[in-house]
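1. Got a sequence here, can you model it:
(one chain, ligands or ions: 1)
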Amino acid sequence: MSIIKDVLAKAKQIDPDQPEFHQAVEEVMETLEPTTKRHPEFVKANIYGRIVEPERTIIFRVPWVDDKGNVHVNRGFRVQFNNAIGPFKGGLRFHPSVNLGIIKFLGFEQIFKNSLTTLPMGGGKGGSDFEPKGKSDGEVMRFCQSFMRELVRYIGAETDVPAGDIGVGGREIGYLFGYYKKIRNEHTGVLTGKALEYGGSLIRPEATGYGTTYFTAEMLATRGLDFKNKIVAVSGAGNVAQYAVEKVNQLGGKVITLCDSTATIVDEQGIDAKKCDFIMELKNVKRGRIKEYADKYNTCCIEGASVWDVIRDQGIKVDIALPCATQNELDGSHAAALVKNGCICVAEGANMPSTPEAVKIFQENNILYGPGKAANAGGVATSGLEMSQNSLKLSWTREEVDNRLLIIMKSIHKACVETAEAYGKKGDYVTGANIAGFTKVARAMLAYGVV
Ligand code: NDP
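-> Numbering: from 1, shown residues only. You can find the predicted model right below:
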């Protein structure tokens, strides 16, 4: 057996109940096979075996009290995966589906994504099986405080810097940071995604959606194309989706779909800037359901179906697909339908939204396919810029941060293209992203000896 197959087999054998983690490891490891020949020193030092094992996994109890005085308990996680090139860095996810395997898959992906950004950040991820939807602000605050009461022992501006993810937006980061500050009596850049008033960066809320769109534009440009007059399908209706819609509009595309976990809306007229503002207010302030968009704008709303289900079942034509909701939302049948309906480009705003079967279909059909760890790296890259501003005790302008984000997304795209070519896989962004992200981390691990 090759070292790659050994590593995969062991990951499955020692943690058999972590399918998402196996999926992420398999997707990365399979593309790393050629590096074992080019870098025998990585094999000798067993970098491949070491990189799939987190540096540290923390699981903790999070008790909290609801508005009626009932006591609840949730489980908290922080997986500090790899800090070879910088402090652990990665978001926190609050969603009932969260378990150790999901946090490990996200933390593993984060290692390579953060490496690709060119900034000094290691990989980590955390979260809880807590459901913020339907909870009052007071309940969310008490949960966040209890979560931080334990997490505080393990994080720090030079150690581990969490951020947001599904279910963790500006409100949650505020409660988490406020409590950290209270306990530690220090005001440092220990979390990113902070509000502007207390150390946040301009463009951080926009960064993942904008970055995914910039990356897509770079991919399109390799075929002499751009966003103008393209029909775009976006899934999700949260942070990433909202700002992807905003930027696609600015670049001349027309977004016709969005969804949440209950329904999908299709608006053939396009979700323009005004409608996008409505979605932001609906989701970020009122915390309502996507159906309210259909009620307001008198558009089609399909309950219980995802964007990709609707495109497949109704044969809707789209040029570009930006999955921005969650992992494994887009399967082989969805991918086949996208290809059949003329889609030319898929870029992942979400982490691992396409199943392995879907990815295979995109690649076999010569679709421009940008995997999440490259296409959505703009969020963490701008978190890195927030950390830099916090260290320097400076605030950059909106234009400055946006420009740096654009430069970073272009450089990630270039690294993917050049690395894929160097390994004889022209146009394969998966191979390019994985090998480029891996090589830097592997070299740093090698330099440290066996630690
Ligand atoms: P949000 O919580 O802001 O939004 C998530 C959206 O996706 C919500 O509209 C949610 O619906 C919807 N959704 C969640 N699960 C499902 C599902 N099973 N089916 C359909 N819709 C679903 O999260 P983000 O926008 O921050 O994150 C979205 C994705 O992007 C995740 O994969 C995340 O890991 C990734 N990502 C996020 C980054 C960031 O900076 N925020 C950075 C890089 C990647 P509902 O409201 O009903 O829950």
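2. Sticking with residue 430, tell me its helix or strand.
-> helix 429-447 (DSSP states H and E).
3. If you could redo that for residue 76, that was the one I meant.
-> Applying DSSP H and E, one finds residue 76 within strand 71-82.
4. any idea of the angle that strand forms with helix 429-447?
-> 80 degrees (axes from the mean of the first three to the mean of the last three CA atoms, to 10 degrees).
5. which strands and helices sit next to strand 71-82?
-> Applying 3 or more CB pairs under 8 Å, 6 or more residues apart in numbering; DSSP states H and E, we find strand 71-82 packed against strand 56-65, strand 88-94, helix 100-116, strand 123-128, helix 137-151, strand 160-163. Quick note: C-beta positions are derived from backbone N, CA and C, even for glycine.
6. Single out the most deeply packed of these.
-> Most buried of those by mean neighbour count (mean count of other CB atoms under 10 Å) is strand 123-128; its value is a mean of 30.
7. Correct me if wrong: residue 177 contacts residue 198.
-> Yes - using CB atoms under 8 Å, residue 177 is in contact with residue 198, at 6.9 Å.
8. out of those two, which sits in the busier spot?
-> Ranked by neighbour count (other CB atoms under 10 Å), residue 177 and residue 198 place residue 177 first, with 25 against 12.
9. Identify the residues contacting the closest residue to the more buried one other than its chain neighbours.
-> Spatial nearest neighbour of residue 177, chain neighbours left out: residue 191 (4.9 Å); criterion: CB to CB, 6 or more residues apart in numbering. Contact partners of residue 191, counting by CB atoms under 8 Å, 6 or more residues apart in numbering, are 161, 162, 163, 173, 176, 177, 180.
10. and residue 126, bridged to which residues?
-> residue 78, residue 92 (DSSP bridges).
11. what sits against it?
-> 58, 76, 77, 78, 79, 90, 91, 92, 93, 103, 151, 162.
12. Surely the third one and residue 127 touch.
-> In other words, residue 77. Yes - the pair residue 77 / residue 127 is scored as a contact, 5.8 Å apart, by CB under 8 Å.
13. Are there residues contacting both of the two? Which ones?
-> Contacts common to residue 77 and residue 127, judged by CB under 8 Å, 6+ apart, are 98, 103.
14. Which residue comes closest to residue 160 once chain neighbours are left out?
-> residue 88 (3.9 Å).
15. what do you get for residue 378?
-> According to CB to CB, 6+ apart, the nearest residue to residue 378 is residue 211 (1.6 Å).
16. what ranges do the strands span in the protein?
-> 56-65, 71-82, 88-94, 123-128, 160-163, 231-234, 254-259, 263-266, 300-303, 320-322, 345-347, 368-370 (DSSP state E).
17. in the stretch 151-300 of the chain, what residue is nearest the ligand?
-> Going by CB to the nearest ligand atom, the ligand is nearest to residue 238 of the stretch 151-300 of the chain, at 1.8 Å.
18. I figured that residue hits residue 166, correct?
-> Yes - counting by CB under 8 Å, residue 166 is a contact partner of residue 238 at 7.0 Å.
19. Return the residues of this protein in contact with the ligand.
-> 164-167, 169, 208, 236-241, 259-262, 306, 324-326, 329, 349-351, 376, 379 (CB under 6 Å from any ligand atom).
20. Whichever of these end up buried, select them in PyMOL.
-> Only the buried entries of the residues of the chain next to the ligand go into this PyMOL selection, using 16 or more other CB atoms under 10 Å:
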select buried, resi 164+165+166+167+169+208+236+237+238+239+240+241+259+260+306+324+325+326+329+349+350+351+376+379
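21. Next step: the residues of the chain next to the ligand restricted to helices.
-> Among the residues of the chain next to the ligand, the members found in helices (DSSP state H) are 208, 239, 240, 241, 379.
22. so who does the closest residue to residue 331 other than its chain neighbours touch?
-> Among residues not flanking residue 331 along the chain, residue 355 sits closest, at 4.7 Å (CB to CB, 6+ apart). Residues near residue 355 by CB under 8 Å, 6+ apart: 328, 330, 331, 332.
23. try 10 Å
-> Residues in contact with residue 355 (CB atoms under 10 Å, 6 or more residues apart in numbering) are 23, 327, 328, 329, 330, 331, 332, 333, 334, 335, 361.
24. most neighbours, which of those?
-> When neighbours are counted by other CB under 10 Å, residue 330 leads these with 31 neighbours.
25. how much space between that one and the ligand?
-> Between residue 330 and the ligand the computed distance is 11 Å (CB to the nearest ligand atom, to the nearest Å).
26. Next up, the contacts around residue 50.
-> 7, 42, 82, 84, 442, 445, 450, 451.
27. got it, and residue 422?
-> By CB under 10 Å, 6+ apart, the neighbours of residue 422 are 34, 38, 431, 432, 435, 436.
28. ditto for residue 29
-> Residues in contact with residue 29 (CB under 10 Å, 6+ apart) are 2-8, 11, 48, 51-52, 434, 438.
29. model confidence over the longest helix seen in the chain, on average?
-> Ranked by number of residues, the top helix in the chain under DSSP H is helix 398-422. Mean pLDDT, helix 398-422: 98.
30. which residue packs closest to residue 266, ignoring adjacent ones?
-> Going by CB to CB, 6+ apart, residue 266 has residue 300 as its nearest residue, at 4.6 Å.
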